[in-house]
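> please work out how this folds:
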Amino acid sequence: MTELNADLVPRLTRYFESKGIQGDDADELAQQTFVKLWKAVSTGNYQERKNFWGYASRAAHNVLIDHTRKLKRSRLVFDEDLLASATTAPEPRDDREESPLRRLSAVERRAFVAVHGLGQTYHQVGQRLAVSRKSVSLLMASAQKKLAELT
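Numbering: from 1, shown residues only. Next up is the predicted model:
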């Protein structure tokens, strides 16, 4: 497996880079493709074919299409004004309960809405918020902990 990973992931990364995906995104898509290929081989969904790279490139192409669709969707939906309005939840009216998102800090709320509401990856959220993926992970853990305490 490590030999296949060492051979295949760099090729997949170069493929994604040739399609205009750069840096961490190309590497992340290569890893996603490798995992899909590994699952197909290990579960028996892949029958021995003469051209494994052809099969791998088709899988990479499908991952690229999924990535492009998600990116287009997030660009359409991820509007800073929309996100700003999501981070400043309206004041509760009348006898309604307070929104659980109001318990989160502004940055936790932005990260939570982007990940769960808009379907963005931690990497994309990190780029928008100018923080690392690890910071987004910690923000999400904190937000989920706070929301779990409400239930």
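
> roughly how far apart are A60 and V107?
Going from A60 to V107 by Cβ to Cβ, to the nearest Å gives 34 Å. (Each C-beta comes from the backbone N, C-alpha and C, glycine too.)

> who has more neighbours out of the two?
A60 (25 against 16; other Cβ atoms under 10 Å).

> contacts only, for the more buried one.
Counting by Cβ atoms under 8 Å, 6 or more residues apart in numbering, A60 touches 12, 15-16, 29-30, 33.

> ok, A26 next?
13, 16-17.

> ok, so of the residues you listed, who is nearest Q120?
Checking these against Q120 with Cβ to Cβ, the nearest one is F16 at 18.6 Å.

> pretty sure that closest one sits against Q32.
No. Using Cβ atoms under 8 Å, F16 is not in contact with Q32; the gap is 10.0 Å.

> please say which of those two ends up with more neighbours.
F16 (22 against 18).

> element containing the more buried one, please.
Using DSSP states H and E, F16 maps to helix 2-18.

> next, the buried residues of the helix or strand just after that helix.
Counting by DSSP H and E, the next helix or strand C-terminal to helix 2-18 is helix 23-43. Across helix 23-43, burial judged by 16 or more other Cβ atoms under 10 Å covers 25-30, 32-34, 36-37, 41.

> sorry, back to before: now, among the contacts of A26, which is nearest to G119?
Of all those, G119 sits closest to F16, with 20.1 Å by Cβ to Cβ.

> so how far is A26 from that closest one?
4 Å.

> what's the answer for V115, then?
21 Å.

> can you show me the helices along this protein?
2-18, 23-43, 52-77, 80-87, 106-112, 122-129, 133-150 (DSSP state H).

> okay if I get the contacts of A60 as a markdown table plus pLDDT?
A markdown table is the format used below for those (pLDDT from 0 to 100):
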| residue | pLDDT |
| --- | --- |
| L12 | 88 |
| Y15 | 87 |
| F16 | 87 |
| L29 | 89 |
| A30 | 88 |
| T33 | 89 |
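
> P100: which of those residues is nearest?
L29 (33.8 Å).

> circling back to that earlier point, return the member of the buried residues of helix 23-43 nearest to A143.
Distances from A143 to the buried residues of helix 23-43, taken by Cβ to Cβ, are shortest for E28, at 22.6 Å.

> understood, closing this out.
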